[in-house]
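>>> the sequence and its predicted three-dimensional model are supplied below.
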Amino acid sequence: MSFPPSREALIADLRVLREKGLLRRHSLELAALTAVCRRLALPVERVLDLVIGRLDGKLAEAAAHSMGMTPGMRDWPGQERRARAARVYGVSVERFRKHHELLVLGELAQGLLDLAGAPGRGRPRLGGSVEFRFRGVPILTHRRPIETLRDVDVLVSSENVYLEMSKPFKATLSATLRKAAAVWDPSGRLVDDVLPRELRGWLREHGREGEAVAAGTVVPTSSGELARQGVNRVYHAAVAVPRAGANDYDVDATAVMRAVHNVFDLAGTEGWRSVALPLLGAGRGGLQPEVAFAYVWAALESRLDQGLLVHLVTRSERSSEALTKGLRAAGAEHEGAGGG
């Protein structure tokens with residue numbers, strides 16, 4: 001099938017997959033969905049997880065139930081999954097089938113096209129990168145979920161100072177890395193929550209259980225299942241300080257700068273050659289993307305000539321624009337499109 005497939009073809013494939021279930025996906029003819037998965041070089045479950053993670057509220061919850069992506073529901077019959085999804089909207093199963101389900105499948109189809117960077121939608125192709133050079137040193141920028149990168153030694157996650165990762169169902173960098181590194185059985189049941197387990201081990205070893213670490217601390221863990229795509233380590237940068245009596249966080253420049261320096265120091269000690277950095281503090285940390293870039297760049301600029309290939313990764317259009325404008329304002333020159 002030529003790329004991109006039509007939105008209608010994707011909806012038809014998603015309808016079949018919703019009815020038959022993920023456990024039977026290998027026996028199904030899903031040409032449009034397969035074309036998207038091949039373009040992204042990711043399995044269908046991972047692609048659906050990424051798309052659902054970009055949806056909001058009830059829509060995301062209903063989509064997860066409908067497609068069997070909710071933990072423990074992978075082997076549920078289609079009718080039971082539909083009934084659970086209908087409960088999200090508080091409507092009858094028949095009403096959900098005739099109205100809400102069409103909306104869910106349509107949003108998933110459009111999300112697949114957007115994720116894959118289908119031509120004509122004003123978005124860069126996922127998997128592509130743009131190379132800049134700063135004083136002769138290459139910097140690769142990506143607009144894509146960081147957990148989809150391949151063959152990068154270290155992925156950096158922004159964490160709070162208690163090193164408590166986000167719940168897997170949250171739409172945060174911490175949550176997506178947690179899910180991507182975890183081990184799941186064929187029914188979608190969690191077998192090993194690798195990253196939080198190793199972070200708890202680090203806290204015990206250092207006598208810090210239940211205590212905050214200094215803002216800017218960077219803690220390394222293995223990459224869990226991300227090792228399958230050439231990732232060796234995840235570095236957890238503790239930059240977000242919980243605000244008392246609220247669900248918000250505070251992030252300051254010194255914490256981000258220390259974290260960036262600590263990432264480089266640790267990667268040098270461990271002998272890695274490449275690292276992927278997000279705009280630390282720009283998610284739940286609450287920083288505007290332009291501010292987050294300024295904080296990261298304040299430390300990054302002086303470390304670029306140390307032999308570590310830097311990938312700067314954003315997900316949203318606004319963050320990508322802030323990154324590009326920030327690099328150009330700093331004097332970095334655009335070198336053109338590349339792979340990655």
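Thanks, I have the structure now.
>>> contacts only, for the residue most central in space within the chain.
Nearest to the geometric centre of the chain sits Pro145, at 3.9 Å (CA atoms, centre = their mean). Shown in contact with Pro145 (CB atoms under 8 Å, 6 or more residues apart in numbering): 50, 53, 176, 315. Yep, even glycine has a C-beta here, placed from its N, CA and C like the rest.
>>> between those, which is closest to Ala86?
Gly53 (21.9 Å; CB to CB).
>>> let me see the domain layout of the chain.
7-115, 129-338 (automatic domain parsing).
>>> what would these look like in TSV with mean pLDDT?
Shown next, in TSV, are these (pLDDT from 0 to 100):
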stretch	mean pLDDT
domain 7-115	89
domain 129-338	90
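>>> how far away is Glu198 from Glu101?
With distances taken as CB to CB, to the nearest Å, Glu198 is found 40 Å from Glu101.
>>> check Thr254 too.
Taken as CB to CB, the span from Thr254 to Glu101 is 50 Å.
>>> of these two, which one has the most company?
Glu101 (20 against 14; other CB atoms under 10 Å).
>>> what about the contacts of Pro145, which are in helices?
Among the contacts of Pro145, the ones falling in helices (DSSP state H) are 50, 53, 176.
>>> can you count the residues close to the last one?
Looking back up the chat, that one is Thr176. Other residues close to Thr176 by other CB under 10 Å number 22.
>>> am I right that it is in contact with Gly53?
Yes - using CB atoms under 8 Å, Thr176 is in contact with Gly53, at 6.3 Å.
>>> let me see the ranges of the helices in the stretch 201-340 of the chain.
253-270, 289-300, 317-330 (DSSP state H, counting those that start in this stretch).
>>> make JSON lines out of these and add distance to Val36.
Output for the helices of the stretch 201-340 of the chain, formatted as JSON lines (distance: least, CB to CB, whole Å):
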{"stretch": "helix 253-270", "distance to Val36": "33"}
{"stretch": "helix 289-300", "distance to Val36": "28"}
{"stretch": "helix 317-330", "distance to Val36": "20"}
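>>> need the winner for burial among those helices.
Using mean count of other CB atoms under 10 Å, the stretch among the helices of the stretch 201-340 of the chain with the largest mean neighbour count is helix 289-300, at a mean of 22.
>>> hey, C-alpha coordinates of it in CSV?
The C-alpha trace of helix 289-300 is given here as CSV (Å, rounded to 0.1, in the frame of the first residue of the first chain):
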residue,chain,number,x,y,z
PRO,A,289,9.2,26.0,26.3
GLU,A,290,11.3,29.1,25.6
VAL,A,291,12.3,29.4,29.2
ALA,A,292,13.1,25.6,29.5
PHE,A,293,15.3,25.9,26.4
ALA,A,294,17.2,28.9,27.9
TYR,A,295,17.8,26.9,31.1
VAL,A,296,19.0,23.8,29.2
TRP,A,297,21.2,25.8,26.7
ALA,A,298,22.9,27.8,29.5
ALA,A,299,24.6,24.6,30.6
LEU,A,300,24.6,22.7,27.3
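>>> many thanks, have a good one.
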